[in-house]
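Participant: below is the sequence, then the predicted model.
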Amino acid sequence: MLDSIVAVLHLLVSLSLIFLILLHAGKGGGMGDMFGGGMSSGNVGGSTTVERNLDRLTVGLAIAFAITTFSLTWLLAS
């Protein structure tokens, strides 16, 4: 039962992580500009609040992905 719950959580975290990574702005702007990533012209070299929050969410989901991966490995090994 616990295996199934962690597996579903792992699937949701991985899909969310893929979505957030695709939102990041690359060299060409990318999809990150949809939410105001490139609207500030005086912000050369810096990052906007939206980009910082996107980075924080991505790091948080990456940590959650690692935790669910290790949890699944531990649950399925025993």
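Facilitator: That came through fine.
Participant: how far off centre is stretch 62-72?
Facilitator: Offset of stretch 62-72 from its chain centre (CA atoms, centre = their mean, to the nearest Å): 13 Å.
Participant: and it, C-alpha only, in CSV?
Facilitator: Extracted as CSV, the C-alpha positions of stretch 62-72 are listed here (Å, rounded to 0.1, in the frame of the first residue of the first chain):
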residue,chain,number,x,y,z
ALA,A,62,14.3,18.2,-7.3
ILE,A,63,14.9,17.5,-3.6
ALA,A,64,11.4,15.9,-3.3
PHE,A,65,12.2,13.8,-6.4
ALA,A,66,15.4,12.6,-4.7
ILE,A,67,13.6,11.7,-1.5
THR,A,68,10.9,9.8,-3.3
THR,A,69,13.5,8.0,-5.4
PHE,A,70,15.4,6.9,-2.3
SER,A,71,12.1,6.0,-0.5
LEU,A,72,11.0,3.8,-3.4
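Participant: so which bits of the longest helix along the chain are buried?
Facilitator: Secondary structure of the chain per DSSP state H: the longest helix is helix 49-77. Residues 50-51, 54, 58, 61, 64-65, 68, 71 are the ones in helix 49-77 that count as buried (16 or more other CB atoms under 10 Å). The way it works is simple: take the backbone N, C-alpha and C, and place the C-beta from them, glycine included.
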